[in-house]
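> sequence-free structure coming up:
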């Protein structure tokens with residue numbers, strides 16, 4: 001069995017466990033665990049992409065607030081309002097990020113259990 005594509009997959013994904021599961025499932029001719037593992041990798045990549053996009057959005061919003069401060073001087077109350085709104089957005093970003101990471105780790109754990117039992121039972 002040619003293992004060069006397995007090494008390539010390990011280098012790309014950084015997840016040797018996924019490569020082992022893919023090889024095992026291909027050896028027993030079961031395709032479902034392969035697609036489930038690839039789905040988990042895709043969800044992880046999607047979460048990273050969404051996190052980066054939301055971080056850019058928050059950064060641009062903060063930059064626009066700084067531009068407003070340059071153009072027009074604000075009162076202390078307005079500045080405090082903008083500052084606390086920005087902190088609120090950052091707090092929501094962190095909460096959502098932790099919740100998504102916890103969900104993805106739970107999904108990966110269940111996929112591992114499913115793939116392990118599938119291989120063990122020979123389905």
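Looks like it arrived, so ask away. All values derive from a computational prediction rather than experimental measurement.
> drop to CA atoms for contacts and neighbour counts, all remaining ones
Will do.
> What is the least confident helix or strand in this protein?
Within the chain, no helix or strand scores below helix 4-13, which has a mean of 48 by mean pLDDT, DSSP states H and E.
> need the longest helix for this structure.
helix 76-121 (DSSP state H).
> For that helix, enumerate the helices and strands it packs against.
The elements that helix 76-121 packs onto, with contact taken as 3 or more CA pairs under 8 Å, 6 or more residues apart in numbering; DSSP states H and E, are helix 16-27, helix 32-71.
> one more time with 7 Å
When contacts are defined as 3 or more CA pairs under 7 Å, 6 or more residues apart in numbering; DSSP states H and E, helix 76-121 packs onto helix 32-71.
> Just the mean pLDDT for the helix it packs on, thanks.
Taken as a whole, helix 32-71 has an average pLDDT of 68.
> Same question for stretch 76-88.
pLDDT averaged over stretch 76-88 gives 76.
> try stretch 99-109
73.
> Return the set of buried residues in it.
By neighbour count on 16 or more other CA atoms under 10 Å, the buried set for stretch 99-109 is 100, 104, 107, 108.
> Just give me the closest of these to residue 48.
residue 100 (10.0 Å; CA to CA).
> From residue 92, how far out is residue 55?
Residue 55 sits 11 Å away from residue 92, taking CA to CA, to the nearest Å as the criterion.
> before we move on, what about residue 111?
28 Å.
> Over to residue 86?
From residue 86 across to residue 92, the span is 10 Å (CA to CA).
> Among those two, which residue is more densely surrounded?
Neighbour tally, residue 86 and residue 92, criterion other CA atoms under 10 Å: the higher count belongs to residue 86, 17 against 12.
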